[in-house]
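# return atomic coordinates for the entry below.
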Amino acid sequence: MDVSIPDKAYFRIGEVSRILKVEPYVVRYWESEFKTVKPMRSTADHRLYRRKDLEELLIIKELLYSKHFTIRGAKGELAKRQSEDAGLERLVKIKSGLEQIRGMLS
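Below is the predicted model of the structure:
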């Protein structure tokens, strides 16, 4: 999915809907099902989605529409991806620590 996200901090639900090419009620439903999508609320109680939320919604759309996952399957896939990302972060930290030790020894 090659979607360009405008360079801004917050998006209203109408903008998110247009970018994703789905109806606003679909965005609200995904928000209720996938707890990783947590829009902020304005003082007027409007949903304000961050770039991170929009990127997560794009992944959800791909899993559901392109890869034909069920909601349950998409939740599992997202959890698996988050676990892999956390593992990769740990490895990067370990590598950095080892490089610091090597620097101290040389």
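# spatially central residue in the protein, please.
For the chain, the residue sitting closest to the mean C-alpha position, by CA atoms, centre = their mean, is residue 56 at 2.4 Å.
# shouldn't that one be within a helix?
Yes - with DSSP: H, G, I helix; E, B strand; the rest coil as the criterion, residue 56 is assigned to a helix.
# ok, it touching residue 36?
Yes - Residue 56 lies in contact with residue 36 (CB atoms under 8 Å); the separation is 5.3 Å. From N, CA and C alone the C-beta is placed, and that goes for glycine too.
# for the residue nearest to the centre of the chain, what are its contacts?
Shown in contact with residue 56 (CB atoms under 8 Å, 6 or more residues apart in numbering): 34, 36-37, 78.
# hey, where'd the strands end up in the protein?
10-12, 40-41, 47-50 (DSSP state E).
# and the spatially closest residue to residue 47 that is not a sequence neighbour, how far from residue 29?
Distances taken as CB to CB, 6 or more residues apart in numbering put residue 39 closest to residue 47, at 4.1 Å, once the chain neighbours are dropped. Applying CB to CB, to the nearest Å, the value for residue 39 to residue 29 is 13 Å.
# next: residue 52.
19 Å.
# now residue 23
Distance from residue 23 to residue 29, by CB to CB: 9 Å.
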